[in-house]
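Need coordinates for the following:
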Amino acid sequence: GLVPEELERRIAELRAAGANVKFLYTIPSFNHPSGITLDAGRRQRIVEICREANVLVLEDNPYGLLRSDGRPMLPLRAANPDDVIYLGSFSKIFAPGLRIGWALVPAHLQRR
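Residues are numbered from 1 along each chain as shown. This is a model prediction of the structure:
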């Protein structure tokens, strides 16, 4: 999964090259195809790095509710509602042919 130190280094590297980094797309729970789930400490540190760099986090969580063992991990958005757009879907947990999803968007972006 994402390594916070590498993320921080890569954002700095891209900015030094003149790139404008606008957002980070991530699937923190059961990332496809690896199946990796980020631990809680890494999750929060990734959001903090992005907040400091003014990079919005786009958290895609189509698989997070499929956990068969233990409790689901809290989404990145749970503790960071102003810094994370959360995407969810019923297609993995309800009906694979039914393409219905939702987005939780920070209040400051809702008008856009």
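
for the helix or strand harbouring E5, packing partners?
Assessed by DSSP states H and E, E5 sits inside helix 4-16. In terms of contacts (3 or more CB pairs under 8 Å, 6 or more residues apart in numbering; DSSP states H and E), helix 4-16 is packed against helix 40-52. Bear in mind the C-beta positions are built from the backbone N, C-alpha and C, glycine included.

The residue lying closest to D83 once chain neighbours are set aside and R99, how far apart?
By the measure of CB to CB, 6 or more residues apart in numbering, the closest residue to D83 outside its immediate chain neighbours is R51, 5.1 Å from it. Distance of R51 to R99, computed by CB to CB, to the nearest Å: 31 Å.

The two - which one has more neighbours?
R51 (15 against 9; other CB atoms under 10 Å).

Spatially nearest residue to V84 (excluding sequence neighbours)?
R77 (4.0 Å).

meant to ask about W102
Leaving out its chain neighbours, the residue that sits closest to W102 by CB to CB, 6+ apart is G88, at 5.1 Å.

you'd agree the one you found is in a strand?
Yes. Checked against DSSP: H, G, I helix; E, B strand; the rest coil, G88 lies within a strand.

wait, what's in contact with it?
Each residue near G88 by CB atoms under 8 Å, 6 or more residues apart in numbering is listed here: N61, P62, L65, G101, W102, A103, L104.
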